[in-house]
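Participant: for reference, the sequence and a predicted model appear below.
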Amino acid sequence: MNTIPRLHAGDRLCIATHNAGKLREFRELFEPFGLQLVSAGELGLPEPEETGTTFAENARTKAHAAARGANMLALSDDSGLCVDALGGDPGVYTADWAGIPRDFNHAMKRVEDALQAAGANTPGQRGASFNATLCLAHPDGRDMLYVGKCEGTLVWPPRGDQGHGYDPMFMPDGYDITFGEMAAEAKHNWSPGEQGLSHRARAFGQFVENQIDHG
């Protein structure tokens, strides 16, 4: 049962991220609903240490830290790429594979090198999924989780300069282009009553149905 009140146009919501690409995707998704979005980064909130071993644990860590720090509702996303041939890696360590500062060209090459080492050379051996867990947290400690997943195949070399992270090497099932070649409106094609394409759009659709008064 949902214990957090629904959001309405004009309400403020903190997006618990310091990642510009992720914030841009959230602004695109939220654009129809008239909420006032502000990010944890824009508020100068510190980034909490993500020590969880699941997407849900890390999503909760980020959402609750932002909700307490901003004293307002906060929405976090913990997402990652899980590669079948690599036993689910990089998983919750998806961003870590990009190093510091983040270099996702390096991260994609690291995934490709690992696939080659595993002998995963054919499309059937290169299955992967993008996974997203959203957590909406209230300053008093209440929260709700919403989960989305998108299955696909990893290609090499990377293709396209859209999106962010591992998008240029991920081709979703049923498509012949990668997320990196896909316009934002196609990747985030969520609409009421329909399932979106991207992992984040799918989790977001559940969030909207349960948390936003959208008429």
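Facilitator: Great, that's in hand.
Participant: residue ranges for the helices of the protein, please.
Facilitator: For the chain, helices defined by DSSP state H occupy the ranges 20-30, 55-70, 104-117, 184-187, 199-211.
Participant: flag every buried residue along the fourth one.
Facilitator: Which is helix 184-187. Neighbour-count burial for helix 184-187, counted by 16 or more other Cβ atoms under 10 Å, picks out Lys187. C-betas here are computed from N, CA, C, even on glycine.
Participant: who's in contact with it?
Facilitator: Contact with helix 184-187 is made by 25, 28, 162-163, 179, 197-198, 201, as judged by Cβ atoms under 8 Å, 6 or more residues apart in numbering.
Participant: what's the answer for stretch 160-174, then?
Facilitator: Residues from elsewhere that reach stretch 160-174 (Cβ under 8 Å, 6+ apart): 19, 21-22, 24-25, 81, 94-95, 98, 104, 107-108, 111-112, 128, 130, 150-159, 177-184, 187, 197-198.
Participant: of these, buried ones?
Facilitator: The neighbour-count test (16+ other Cβ under 10 Å) marks 19, 22, 25, 81, 94-95, 98, 104, 107-108, 111-112, 128, 130, 150-155, 158-159, 178-182, 187, 197-198 as buried among those.
Participant: how far off centre is stretch 22-30?
Facilitator: Put simply, stretch 22-30 sits 10 Å off its chain's centre (Cα atoms, centre = their mean, to the nearest Å).
Participant: need the contact partners of it.
Facilitator: 13, 15, 17, 37, 39, 41, 75, 77, 164, 184-185, 188, 190, 200-201, 204.
Participant: just the buried residues of those.
Facilitator: 13, 15, 17, 37, 39, 41, 75, 77, 164, 188, 190, 200-201, 204.
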